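Undergrad: I'd like to go over a predicted model; first the sequence, then the structure.
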Amino acid sequence: MRIGVLTGGGDAPGLNAVIRAVLKRAEQYGFEVVGIKYGWAGLLNMDTVPLKYSDVEDKIGEAGTVIKTSRTNPVKDEATMNKCIENFRKLGLDALIAIGGDDTLTAARKLHESGLKVVGVPKTIDNDLKGTDYTFGFDTAVNAAMQAIESLKTTARSHDRVMVVEIMGRHAGWIALYSGLAAGADLILIPEEPFKVSDVVEFVKRKKPEKGSLTIVVAEGALIEDYKGPITKDVKVDQYGHVYLGGIGEFLAKEIEKATGFETRAVVPAHIIRGMSPTAFDRVLATRLGYAAVELVRKGVFGKMVALRGTEIMSVDLSEAVAETKLVDKSLIELKNALAS
Ligand code: F6P
């Protein structure tokens, strides 16, 4: 068997751990593994690299991806899709393991429907994939964001300032919510719950005199009521139609300072939370998923995504996995709001 493996979309800590587990299990079965570089772009350009377990044996704790990634959309039109299928055949592949988030796996599902033998592995720091309880990378990103928020709280306290921390999270506020709760932020704003700037200003006016300093966590994709869509840095869109988010923290900080007179700073940890060495949880999850993906390939089961459900690793249909975005559930929203009151 000759298996291709690719990583698509934004990188997430744990990608190398998946690749490592894929290689270990594949070599035990005598399968050959080829790295397809830069996600789907590598399949389109036939840009590949032979992989051996010894190449990645020591990379379990390294964030990023040794086979690189990109946001290339292989299903943007029929010609591109056909090229992928043709190149899969030309490369002599028997199976493809696609490690990615919603975009990568939606493409994988479409290519599978057109005959490609693909198994998906869920990845995103955003944790917004429906078919799995957790995606690897999330736990690491949460811990990194929590540490950033905690240090910002310390300096905010010294200066009696309001600190606004903008945290990654495009459609769902999982990272902002978990890191904000874990660091004891005063207010957490997420895309699932559009807010009014005036309500945030009222909150600051009420709480700041009592507490001295305040820390507000806002997800980059959080939505302001009566504002058209999320705040963006650039109107350019990527191949999947996503705009370049960013700027809501700065915007909010200015509004707060203008309306209250309290000194307010905005900080954006941004990609820093994506580059940290994976936590033990993410390393183990990634390893389990990589191993399970090879087991599916060996059994000839395609069109599936390996997933964590409870404490078990199982497989779900790719179509189910990408059917909708997994948003923060109501009980957690209630909890964060109760703590902010
Ligand atoms: O999808 C993961 C993610 O980190 C999002 O939270 C964020 O909006 C996006 O990627 C940033 O993408 P890029 O690395 O292309 O700027």
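TA: Received the coordinates, thanks.
Undergrad: tell me the pLDDT of the residue of the stretch 151-300 of the chain found nearest the ligand.
TA: For the stretch 151-300 of the chain and the ligand, the shortest gap (C-beta to the nearest ligand atom) falls at residue 168, measuring 3.5 Å. Glycine gets a C-beta too; all of them are placed from N, C-alpha and C. Looking at residue 168, its pLDDT reads 97.
Undergrad: distance between the one helix or strand residue 254 maps to and the chain's centre?
TA: Per DSSP states H and E: residue 254 is located in helix 248-260. Its chain's C-alpha centre and that of helix 248-260 lie 27 Å apart, by C-alpha atoms, centre = their mean, to the nearest Å.
Undergrad: re the thing from before, surely the residue of the stretch 151-300 of the chain closest to the ligand touches residue 222?
TA: No: in terms of C-beta atoms under 8 Å, residue 168 does not count as a neighbour of residue 222; the distance is 11.4 Å.
Undergrad: would you mark the buried spots in the helix or strand of the chain with the lowest mean pLDDT?
TA: Least confident helix or strand, the chain: strand 232-237 with a mean of 82, by mean pLDDT, DSSP states H and E. For strand 232-237, burial by neighbour count (16 or more other C-beta atoms under 10 Å) applies to residue 232.
Undergrad: only alpha carbons, please: show stretch 255-275 as PDB.
TA: Extracted in PDB, the C-alpha atoms of stretch 255-275 (Å, rounded to 0.1, in the frame of the first residue of the first chain):
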ATOM      1  CA  GLU A 255     -14.700  52.600  22.300                       C
ATOM      2  CA  ILE A 256     -14.300  51.800  26.000                       C
ATOM      3  CA  GLU A 257     -11.700  54.400  26.600                       C
ATOM      4  CA  LYS A 258     -13.700  57.000  24.700                       C
ATOM      5  CA  ALA A 259     -16.900  56.300  26.600                       C
ATOM      6  CA  THR A 260     -15.400  55.800  30.100                       C
ATOM      7  CA  GLY A 261     -12.200  57.700  30.200                       C
ATOM      8  CA  PHE A 262     -10.500  54.600  31.700                       C
ATOM      9  CA  GLU A 263      -7.100  53.800  30.300                       C
ATOM     10  CA  THR A 264      -7.600  50.800  28.100                       C
ATOM     11  CA  ARG A 265      -5.200  48.600  26.100                       C
ATOM     12  CA  ALA A 266      -5.700  46.000  23.400                       C
ATOM     13  CA  VAL A 267      -3.400  43.000  23.100                       C
ATOM     14  CA  VAL A 268      -3.600  40.300  20.400                       C
ATOM     15  CA  PRO A 269      -1.700  37.100  21.000                       C
ATOM     16  CA  ALA A 270      -2.800  35.900  17.500                       C
ATOM     17  CA  HIS A 271      -0.700  33.100  16.100                       C
ATOM     18  CA  ILE A 272       1.500  32.800  19.200                       C
ATOM     19  CA  ILE A 273      -1.200  30.400  20.600                       C
ATOM     20  CA  ARG A 274      -0.800  28.200  17.500                       C
ATOM     21  CA  GLY A 275       2.900  27.700  17.700                       C
END
